[in-house]
Each structure stands twice: as structure tokens, then as C-alpha cells.
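In: Below are the sequence and a predicted model; questions follow.
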Amino acid sequence: MKIIEQAKKNTSRAAIISGGVSYSYKSLLEASASIATQLLKSKKDLHEKRIGFLIAPSFNYTVVQWGIWRAGGIAVPLCASHPLASMKYVLEDSQAEMILVDEEYFGFLKPLAEECGIPLSAIGPVMRSDGVALPVINTDRRAMILYTSGTTSKPKGVVSCHHHVDAQIQTLISAWEWDKNDRIINVLPLHHVHGIINVMLCALWVGACCEFLPKFEPEKVWARLVSGEISLFMGVPTMYYQLIKFWEAVSREEQKMLSAGVSSLRLMVSGSAALPESVLNKWESISGQILLERYGMTEIGMGLTNSYRGERRAGHVGNPFKGVEIRLVDQQLCDVPIGEPGEIIVKGPSVFKEYWNNPQATKKAFTSDGWFKTGDMAVLSHGSYKILGRTSVDIIKSGGYKISALEIEEVLRNYSGIKDCAVVGIPDEEWGEVVAAVLVGEREELNYDMLTTWLKEKLPSYKLPRKYQIVEDLPRNVLGKVVKTSLKNYFNTENSS
Ligand code: MCA
Ligand code: AMP
């Protein structure tokens, strides 16, 4: 495995800082070998068994991910802020055969593990395991399954092999000139490409240092950004929005100190959702940093990037990363003329293998000659790509998370008192979009607080509707399909709750 070979070149360097402790690459290699040995027990190879893991952002997270890989398993990360119902779906869909957790999550996950009949182990102190023979892992083995929402109601498992992961990492390192002297803080969730690949694995590939913070908190992030120790930062637009709000709320003196401190970072990247020009401009005025906006997707890793050394054009996402082929096509999959909008289709070594256990969805996602259809619309303007939106109104992006309107509708329809419903994304300065639901039901029977409490058991917080409207009927076209574009206007009124 290339990431392991890379780590072996840097044994004495600091790989990870978490909980105030610095861990070397040597410790990472030893601890992950120990986890691999524990996973293997007497077996020689896990042969792509899916291992679910719920580990807080920390040294242990990487140790477990690498341990699963070194034992020949497929890593399936779970997210602690997800309700049990979401975790159950991931564990069942991926057919996980074992779950590894931090000790603190053991009691929490035990009933679910029992219900699903999956063995659960807490990782204890990791031991040295020098000299244990671990299997040789070819790069065409499956490495990871990440769950992403799409145009179906349930999230799909995106399978990447080791060679996909390696390609995704290498192209980013080259484009953004990662170096072993870099140090990055990781405040992104570790069940998505952005936090796993762009931040954690890029750092570890080059021998740099990845510092985990338990979660994104503007005050703590600012403190690290101005420490003089951090060279890089990557986040979603909502994070920059919240960092700006924090800066605006402090005293003039403190503002000067924060601005001076952050100006020395060598690169700050924004992605996962459209970066509003207002945020880009405000951030530049505060920090002197021109955010580098890039475009990516779980299925492809990163696709397009503004230039590290050259121009970074507001509202644009630049040009393809090295090795990534991009085309813009019409509905017949014919290339559109330059300057015309088209759907982005992608080919290249970083494009995923398949949706787990879902050959139909995989087939539908690719053209007959192997181009992945992203469902994103873009235009090439003045030599740089500009993202225009999605081909489907059923995809919402909130706080950088991709959300399926259909998934939320399916859950809402099970609530007593809701006869029908439709979910849309409403533009929002802070979150990009917020989830809004139009419900058909009796106003007197629907209590939003009770509904929210009920939903929280079924959906992660970022998927909860933040605005509601109650109507007698949903607007439908002649084919009986709900006209979602007109629903968005319902939330312009002051009546929405
Ligand atoms: C939270 N809140 C929200 C939302 N989320 N309100 C509206 N819309 C939302 N989506 C509210 C909560 O109700 C709460 O309000 C308050 O915000 C704090 O909630 P909390 O759960 O603590 O939020 P948070 O943890 O601060 O989350 C904000 C966040 C998070 C850190 C920006 O959304 C985040 O980590 N986003 C990154 C997602 C990501 O990594 N995406 C990459 C996938 P109250 O206080 O009133 O109760 S895309 C990808 O990987 C591709 C490849 C790519 O291109 O990168
Ligand atoms: P996910 O499926 O969670 O990996 O999210 C990928 C999606 O995020 C893409 O298909 C785009 O719709 C969106 N996205 C990522 N980066 C950008 C960006 N810079 N601008 C606009 N949308 C983006």
C-alpha cells in the first residue's frame, strides 16, 4: 500500500496531533499494524470484509482506517452525530461484518450491533506488533465505502479502490504543492472525501502533520490559525462564513491580531459547495487570503481547481486537476459549444469503481464509454469552469453536506398527520441552502417541535427541515408531478415557520 510506504519514509516526523499529543509516523505504523493483527486474529487476510468504525477525529481514527486497510478490509466510516437509524442503514447496506469503536461509543452502539448481529469491539490501548506478517494489498482492492445522498431516496455507498484513493491524493499534492513541512488542522467530518482525502491523507502522504480538532468551533479554529504553526486550511463555505462572523464580533484590537495571524498561511481552500463571492471578498479583506475554490464529488474525488500560483477567479472553480478529464455535454451526451452550459462528465484514475451492491445505479451513473455523469451543470467562461447548479432539484447542499430531498420526504410521510409533502432547498447566506418542507395536513394537528424531536431519531441534524409551510395541496403539473421550482416561492412569504 503506497500510503504505508510513504509513511515509512518519515518515521521520526510528527504525523498527527490529537488531544494535545503528538504522534509520529512510527507510532502510526506500529499502532495500525497492531489493529490489523487484532482484526485478522488467525486469518491471513480480511479479503475485503467491510469493517464499520465509529472513531472520533483523532490519532485513533487514522490508526483504525490504516489497520483495516493493512488487514485487507474495506473501511466504512460511521459518523457520531448521525442517529442510530442512519448508522443501521450504513451497516446493513455495506454488509459490515465487524464494528470497531472508541471505548466511549461502545455502550451507545452495543444495542444496534446486537440488533444487526454484527460483532462490536472497542479499541483498547494499541500494542506494538513488530514482525507480524500482514497481507500484501494490491492497489485494485476496494479500500473505502463512503455514503452519499443522490437522486434516490437512500444514500448510496461509493466504493473506491486503493488506486483511486492514491490518484486522488497525488493529484491534490501536486496541484497545491503539499510539502512535508506543512501543518493542517482538520475540522471536517471524517466520513467524507473532503476531510479524509483532501486534508488527512494528503498530509500523511507527504510526511506533513495533521492536527485534529474535535469539531469545528470558530473560536478554536481562529486560535489555531493565528498560532503561527499552521500552513494550510481547508473548509466548506459555511465555515468561512462562521469564521467571518466571529471576527466581526470581536474588538478592533483582536481583529487586528487575528487578521495578522491568519495572513501567513500559505493556502486556504474552499469547496464542497459554491463559495459566495461575498464570503470570498470579505475573507480577503479580513485575512489577505484569496480563497482557492475547487470542485469535487465523492465519486470522483477532486475535479476542478483554481490555480495555486496563478489567478483565482471569483465564482469559478478553475480547470481540471492533472489526470482528470472533464467534458460538458447536453442531454444527448454531445459536447456543448464553449460558453454554453452543459452537464459535467468525468473520466480519470480518481473516478470511483461502483456503488456498493448496486450495479443498476452504477450502470446508470456512467455513459456507455465510461464517463461518470455528475449531475452538475457548468459553463466554461474565459477559460475557467463555473458551476451553475444541479440537473436535479431533489439534491440540496447545506453546510457542504449533500442531502436528498426524496429521503426526507420518505421519512416525513411516515409522520401521523402528514398526508403528503415535498422538500426543497432554499438559498441561505450561511448554509448555502437550508432544507424546507411543504406539508399537506391539518395545521392544528402538526406541532413542529414534536415533529423535529421525532425526525431527530431518524435523520442527522443537517438533514432536518429548518422551514415549514402547510398547504392544502401540492402544486402538480399535468403529469401529476410536484412542481418543486414553484414551491421555493412559498418560503418568500413571512408565513413560513
Ligand atoms: C447545523 N445547523 C444548521 C445546519 N447544520 N442549520 C441549518 N442548516 C444546516 N445544515 C444548526 C444547528 O441546528 C445548530 O443550531 C447549529 O447550527 C450548530 O449545529 P451543529 O450540529 O453543532 O453544527 P456544526 O457541527 O457547527 O455544523 C456546521 C458545519 C458542518 C461544521 C459547517 O455543517 C460541517 O461539518 N460541514 C462540512 C460537511 C462536509 O465535510 N462536506 C463534505 C462532503 P442551534 O444552535 O440553533 O441549535 S462533500 C465532499 O466530500 C466532496 C468530495 C467535496 O467536494 O468536498
Ligand atoms: P458530495 O456528493 O457530498 O461529494 O458532494 C459533491 C457535490 O458538491 C458536487 O456534485 C457539487 O454539486 C457540489 N460541489 C462541490 N464543490 C463545489 C463547488 N466549489 N461549487 C459548487 N458546488 C460544489
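Out: Right, received. Where do you want to start? Numbering: from 1, shown residues only. Ligands and ions are numbered 1, 2, ... in the order given.

In: all contacts plus neighbour counts: C-alpha atoms, from now on.
Out: Will do.

In: contacting residues around the residue nearest the centre of the chain?
Out: The centre of the chain sits closest to His192, judged by CA atoms, centre = their mean, with a distance of 2.9 Å. Contact criterion CA atoms under 8 Å, 6 or more residues apart in numbering gives 146-147, 298 as the residues in contact with His192.

In: from these, which single one is nearest ligand 1?
Out: Proximity of the contacts of His192 to ligand 1 (CA to the nearest ligand atom) peaks at Thr298, which lies at 4.1 Å.

In: Show the pLDDT at that closest one.
Out: At Thr298 the predicted local distance difference test score is 98.

In: restrict the contacts of His192 to contacts with ligand 1.
Out: Restricting the contacts of His192 to those touching ligand 1 (CA under 6 Å from any ligand atom) yields Thr298.

In: Including secondary structure, could the contacts of His192 go into a markdown table?
Out: Shown next, in a markdown table, are the contacts of His192 (DSSP: H, G, I helix; E, B strand; the rest coil):
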| residue | secondary structure |
| --- | --- |
| Leu146 | strand |
| Tyr147 | strand |
| Thr298 | coil |
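
In: which one of the contacts of His192 sits closest to ligand 2?
Out: Compare each of the contacts of His192 with ligand 2 using CA to the nearest ligand atom and the shortest gap goes to Thr298, at 3.6 Å.

In: Now the closest one: closest residue in space, sequence neighbours ignored.
Out: Once flanking residues are discounted, Thr298 sits nearest to Val193: 5.9 Å by CA to CA, 6 or more residues apart in numbering.

In: That neighbour - how many residues pack around it?
Out: Neighbour count for Val193, taken as other CA atoms under 10 Å: 24.

In: SS state for whichever residue of the stretch 1-150 of the chain sits closest to ligand 1?
Out: Nearest residue of the stretch 1-150 of the chain to ligand 1, counting by CA to the nearest ligand atom: Ser81, 7.7 Å away. On the three-state scheme (three-state DSSP), Ser81 is labelled coil.

In: So which bits of the stretch 351-497 of the chain are right by ligand 1?
Out: Contact residues, the stretch 351-497 of the chain versus ligand 1 (CA under 6 Å from any ligand atom): 398-401, 431, 434, 461-462.

In: ok, Leu46 touching Thr37?
Out: No: under the criterion of CA atoms under 8 Å, Leu46 makes no contact with Thr37, lying 10.6 Å away.

In: Tell me if I'm right that Val435 and Val423 touch.
Out: Yes: Val435 is in contact with Val423 according to CA under 8 Å; the separation is 7.0 Å.

In: Distance-wise, check the residue of the chain most remote from its centre relative to ligand 1.
Out: Most distant residue from the mean C-alpha position of the chain: Glu444, 38.7 Å away (CA atoms, centre = their mean). In this view, Glu444 and ligand 1 are 25 Å apart by CA to the nearest ligand atom, to the nearest Å.

In: Repeat that for Thr305.
Out: Between Thr305 and ligand 1 the computed distance is 11 Å (CA to the nearest ligand atom).

In: So, low pLDDT: which residues of the protein?
Out: Under the criterion of pLDDT under 70, the regions of the chain flagged as low confidence span 125-131, 493-497.

In: who in it is up against ligand 2?
Out: Checking the chain against ligand 2 by CA under 6 Å from any ligand atom, the hits are 148, 271-274, 293-298, 317, 374, 376, 387, 401-402.

In: Relative to Arg183, how far out is the residue of the stretch 1-150 of the chain closest to ligand 1?
Out: Between Ser81 and Arg183 the computed distance is 27 Å (CA to CA, to the nearest Å).

In: go on, Asn489?
Out: Going from Asn489 to Arg183 by CA to CA gives 45 Å.

In: between these two, which one's more packed in?
Out: Per other CA under 10 Å, whichever of Asn489 and Arg183 has more neighbours is Arg183, with 25 against 10.

In: May I ask you to confirm that the more buried one is in contact with Cys210?
Out: Yes: with contact defined as CA under 8 Å, Arg183 and Cys210 form a contacting pair (5.9 Å).

In: ok so, going back, what do Leu46 and Thr37 both touch?
Out: Ala71.

In: Who has more neighbours out of these two?
Out: Here Leu46 and Thr37 are compared on neighbour count by other CA under 10 Å; more neighbours surround Thr37, at 23 against 20.

In: so which helix or strand takes in that one?
Out: Element membership of Thr37 [criterion: DSSP states H and E] is helix 25-40.

In: Leaving aside the residues adjacent along the chain, what's closest to Pro320?
Out: With CA to CA, 6+ apart as the criterion, Pro320 has its nearest non-adjacent residue at 4.3 Å, and that residue is Leu304.

In: What residue in the stretch 351-497 of the chain comes nearest to ligand 2?
Out: As assessed by CA to the nearest ligand atom, ligand 2 sits closest to Lys402 within the stretch 351-497 of the chain, at 4.5 Å.

In: Does ligand 1 have contacts with stretch 321-334?
Out: No: with CA under 6 Å from any ligand atom as the measure, stretch 321-334 is seen stopping short of ligand 1, the closest distance being 13.2 Å.

In: Residues of the stretch 201-350 of the chain that sit close to ligand 1?
Out: Along the stretch 201-350 of the chain, the residues adjacent to ligand 1 under the rule CA under 6 Å from any ligand atom are 216, 236, 238-239, 271-272, 295-298, 301.

In: mind listing what the closest residue to ligand 2 within the stretch 1-150 of the chain touches?
Out: Nearest residue of the stretch 1-150 of the chain to ligand 2: Thr148, at 5.5 Å (CA to the nearest ligand atom). Taking CA under 8 Å, 6+ apart, we find Thr148 in contact with 155-158, 298, 402.

In: Which ones among the residues you listed lie within strands?
Out: For the contacts of Thr148, membership in strands holds for 156-158, 402, with DSSP state E as the criterion.

In: For Asn10, state which of those residues is nearest.
Out: The nearest member of the ones in strands among the contacts of Thr148 to Asn10, counting by CA to CA, is Val158 at 30.7 Å.

In: give the contact list for the closest one.
Out: 144-148, 298-299, 352-356.

In: one more time with 6 Å, if that's ok
Out: Residues counted as contacts of Val158 (CA atoms under 6 Å, 6 or more residues apart in numbering) are 145-146, 355.

In: Who does Val440 form a beta bridge with?
Out: With DSSP bridges applied, Val440 shows beta-bridge pairing to Asp420, Val471.
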